[in-house]
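[1] pasting a predicted model and its sequence here:
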2 protein chains.
Amino acid sequence: MAEHIKIVEVGPRDGLQNEKQFVDTAVKIELVDRLAAAGFANVEAASFVSPKWVPQMADGAEVMAGIRRRPGTLYSALVPNLRGFEGALAAQADEVVIFGAASEAFSQRNINCSIAESIARFEPVAAAAKAAGLRLRGSISCALGCPYQGETPVAAVVDVAERLLRLGCDEIDVADTIGVGTAAQVGRVLRAVGQVADLGTRVSGHFHDTYGQALANILAALECGVRIFHSSVAGLGGCPYAKGATGNVATEDVLYLMRGQGLSTGVDLDAVVDIGQWISERIGRPTSSRAGRALALKRA
Amino acid sequence: MAEHIKIVEVGPRDGLQNEKQFVDTAVKIELVDRLAAAGFANVEAASFVSPKWVPQMADGAEVMAGIRRRPGTLYSALVPNLRGFEGALAAQADEVVIFGAASEAFSQRNINCSIAESIARFEPVAAAAKAAGLRLRGSISCALGCPYQGETPVAAVVDVAERLLRLGCDEIDVADTIGVGTAAQVGRVLRAVGQVADLGTRVSGHFHDTYGQALANILAALECGVRIFHSSVAGLGGCPYAKGATGNVATEDVLYLMRGQGLSTGVDLDAVVDIGQWISERIGRPTSSRAGRALALKRA
């Protein structure tokens, strides 16, 4: 039997959050529902952050209230603090996502405190999630590089991973937020993280394709034993640090790779190609998925 | 010392041949000269095919006559037959490139004869190249998949490789003409080709990024021991079998990968980013290189 890979579809949250325009709540709901129907076991569906900071995600409660829950799909929500957590809990999220940067410069510039402080602030959120029986995921941003301080030291990533695990995270994401990492570096970072967390069950790879490296990085991560990957249908998102550049790796490209590797994802690639075409029309820009475009052209 | 990788820049020939419009001879000459100055040890500069079939390449002789030869750079020309070879010889090409498909269906549809016949027809070209002291390269198209018959059997690739080697080819290209291959398949094909040709010195990987897989495929090929890769600045080319889809892998993305892997190419990535910006403006379309775009945005 083919080995299983969990693909976490982050388009509705990480993707749409970084698109310029506000996407209608009804479209978001349809997006989440169509993705769940395509077979994703985990969809990052909403964010409970202040609409002052992230207006694109202001309708998280409405999105979560509007979706049809598919048995077997886990719906995740990003939460920046206890208030956000309460929103996610009320909205019946299955998993809440907290985060910390592996770069001091990024942490200071973005949230005006140190990495250690920023993660310590999540303690009450983590405790509340555990008390409520929710799954807890911790995302390590800038795990390969930072727009302000360059390549991230491996030890900094391991340190954040340990802090997130101590908070009780079930899963931690090694996230190349700006897409600068390359395969050999991915191997070095993941092998180090593997010293503190089981790579096969508790670590996910979140790669951006800003420098075209995402699939090579995923291949390197597969070779390290990672079995959970994040991706975004049609490459929704873009890069907040380089307008016009590519952001999240496209789900279609990742599914195409996994199929070629003989790995099972449980996700219907053809259905995802349709969803990618549909959402790209809705937001009025071409897909950034190469496999999605090629497969759609082949049908035409 | 870092291990060396030879990058064969194919933009001026394989790239521009597949762009819609005719590119002025002066622009082609400048492109070849700028690429050589950036440090490429091998530039595929021209094609000596009938202008009836490939009008974009009708000025091969003028291009070869107009370039400034850089010591240390090998200038290659594609030749379909003895007449083409004579053009390449008169134009002082350093290397001539012949080709055969690994797919019977592709061979029949494109040149109306079997694979074996098509390669046998190159015998006089190969003999003439050897007699003239020119380097001879043989390209195996559709080595991973074919638009007409799907996945290419590994044995068919090995068979073409052996035929090309018997003709005297110094180097053979395993070319994923339609970009459908994935990493595991690349490994299977290259390990089989490695039974008949030394992967480290005589086999090159020519990958298209149509399905977004090219860099992962290059990584897989590196792991097999391949040390020669083809790429096209700014991803010049596109896919002749799926209009609008991505074609040749972009040189900038490949150089970025190699640098990350600690491999030396002798090529100046910054200079290639400049050339990619310049030629994209000249042909009036955005670059399809993700690293090229990200690096250019970073400068802006």
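    Sure thing, it's come through.

[2] number of residues surrounding the residue of the stretch 51-200 of chain A found nearest chain B?
    Residue of the stretch 51-200 of chain A nearest chain B, by Cβ to the nearest Cβ: A:Thr182 (2.4 Å). Yep, even glycine has a C-beta here, placed from its N, CA and C like the rest. Taking other Cβ atoms under 10 Å in any protein chain shown as the criterion, the count of residues near A:Thr182 is 24.

[3] now do the contacts for it.
    Taking Cβ atoms under 8 Å, 6 or more residues apart in numbering or on different chains, we find A:Thr182 in contact with A:Tyr211, A:Gln213, A:Ala216, A:Asn217, B:Tyr256, B:Leu257, B:Arg259, B:Gly260, B:Gln261.

[4] in contact with the closest residue in space to it that isn't next to it in sequence, which residues?
    Spatially, and ignoring its direct neighbours in sequence, A:Thr182 is nearest to B:Gly260 (2.4 Å; Cβ to Cβ, 6 or more residues apart in numbering or on different chains). Applying Cβ under 8 Å, 6+ apart to B:Gly260 gives the contacts A:Gly181, A:Thr182, A:Ala183, A:Ala184, A:Gln185, A:Gln213.

[5] ok, A:Ile98 next?
    Taking Cβ under 8 Å, 6+ apart, one finds A:Val79, A:Pro80, A:Phe122, A:Val125, A:Ala126, A:Leu136, A:Arg137, A:Gly138, A:Ser139, A:Leu164, A:Leu167, A:Cys169 in contact with A:Ile98.

[6] can you rerun that using 10 Å?
    The contact partners of A:Ile98, by Cβ atoms under 10 Å, 6 or more residues apart in numbering or on different chains, come to A:78-81, A:84-85, A:118-119, A:121-123, A:125-126, A:129, A:136-139, A:164, A:167, A:169.

[7] beta partners for it?
    In this entry, A:Ile98 is beta-bridged to A:Gly138, by DSSP bridges.

[8] tell me if A:Phe229 really is in a strand.
    Yes: the assignment for A:Phe229 is a strand, going by DSSP: H, G, I helix; E, B strand; the rest coil.

[9] from B:Val79, how far out is it?
    44 Å (Cβ to Cβ, to the nearest Å).

[10] what does A:Ile279 give?
    Counting by Cβ to Cβ, the separation of A:Ile279 from B:Val79 is 47 Å.

[11] next one: A:Ala175
    When distance is defined by Cβ to Cβ, A:Ala175 is 49 Å away from B:Val79.

[12] okay, those two: which has more neighbours?
    More neighbours surround B:Val79 than the other of A:Ala175 and B:Val79, with 29 against 24 (other Cβ under 10 Å).

[13] that one contacts B:Glu86, correct?
    Yes: proximity of B:Val79 to B:Glu86 meets the contact threshold set by Cβ atoms under 10 Å, at 8.6 Å.

[14] need the overlap of contacts for those two.
    Residues touching both B:Val79 and B:Glu86 by Cβ under 10 Å, 6+ apart: B:Phe48, B:Val125, B:Ala128.

[15] out of those residues, who's the most crowded?
    Most surrounded of those: other Cβ under 10 Å gives B:Phe48, at 25 neighbours.

[16] which is the succeeding secondary structure element to the longest helix along chain A?
    Counting residues, the longest helix found in chain A (DSSP state H) is helix A:269-283. As assigned by DSSP states H and E, the chain's next helix or strand after helix A:269-283 is helix A:290-299.

[17] buried residues in that next one?
    Neighbour-count burial for helix A:290-299 flags A:Arg290, A:Ala291, A:Gly292, A:Arg293, A:Ala294, A:Leu295, A:Ala296 (criterion: 16 or more other Cβ atoms under 10 Å in any protein chain shown).

[18] which neighbouring elements make contact with it?
    Under the contact definition 3 or more Cβ pairs under 10 Å, 6 or more residues apart in numbering or on different chains; DSSP states H and E, helix A:290-299 sits against helix A:251-260, helix A:269-283.

[19] looking at those helices, which is buried most?
    Mean neighbours per residue, mean count of other Cβ atoms under 10 Å in any protein chain shown, is largest over the helices and strands packed on helix A:290-299 for helix A:251-260, with a mean of 26.

[20] tilt between it and helix A:290-299?
    Relative orientation of helix A:251-260 versus helix A:290-299 (axes from the mean of the first three to the mean of the last three Cα atoms, to 10 degrees): 80 degrees.

[21] for helix A:251-260, the distance to its chain's centre please.
    16 Å (Cα atoms, centre = their mean, to the nearest Å).

[22] likewise stretch A:23-43?
    15 Å.

[23] what's the closest non-adjacent residue to A:Lys6?
    A:Lys6's closest residue in space is A:Ile228 (Cβ to Cβ, 6+ apart), at 4.5 Å.

[24] the one you found: neighbouring residues, count only.
    A:Ile228 has 23 nearby residues by other Cβ under 10 Å.
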